[in-house]
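> Structure, please.
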Amino acid sequence: MKHTAKSIRPFLGARNFELSRRFYQDLGFQENVLSEDLTVFKLGQLAFYLQGAYVKDWIDNTMIFLEVENVERYYQELSAMQLSSKYDGVKLSGVRIEDWGKECFLHDPSGILWHIGEFQTK
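Model (predicted):
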């Protein structure tokens with residue numbers, strides 16, 4: 001292939017579109033509304049589409065990996081936000097140490113699983 005890719009943007013579904021929009025805004029993503037049921041969220045060079053569509057099997061099998069510089073600091077910031085008391089269905093797990101690095105998990109209001117990780121440097 002002779003061309004260069006510039007970005008990759010997954011499409012995420014939402015059981016409750018408005019609730020999920022507020023959740024991602026709280027996480028610091030900047031929203032650009034594209035239509036009544038489609039928006040793009042950006043954080044620096046990272047982006048994803050959120051759509052007002054819910055297919056249980058799709059949502060239950062959607063996982064996103066977000067690489068961060070310091071997963072423990074990221075976890076502390078997420079924990080301080082008390083997202084699980086603000087949003088039904090949101091769960092945050094503690095940091096786990098794996099042979100490849102560290103990660104914590106965050107389930108969004110629809111159940112989408114975010115792996116938030118930091119790769120081990122050798």
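> any chance you could map the helices in this structure?
Along the chain, counting by DSSP state H, helices occupy 17-26, 56-60, 71-80, 83-86.
> Can you mark which positions in the second one are buried?
Put plainly, it is helix 56-60. I59 (16 or more other Cβ atoms under 10 Å). Yep, even glycine has a C-beta here, placed from its N, CA and C like the rest.
> can you tell me how far N61 sits from L43?
N61 sits 23 Å away from L43, taking Cβ to Cβ, to the nearest Å as the criterion.
> hang on, the earlier thing: identify whichever of the helices of the chain lies nearest to C104.
Distance to C104, taken as Cβ to Cβ, is lowest for helix 71-80 among these, at 4.6 Å.
> What are the contacting residues of that closest one?
The contact list for helix 71-80, computed with Cβ atoms under 8 Å, 6 or more residues apart in numbering, reads 68, 92, 94-95, 101-104, 106, 116-118.
> Tell me where the model's unsure across the chain.
For the chain, no stretch is flagged by pLDDT under 70.
> For it, just list every one of the strands.
Counting by DSSP state E, the chain has strands at residues 11-13, 30-35, 38-43, 46-51, 63-67, 91-92, 96-98, 101-107, 113-119.
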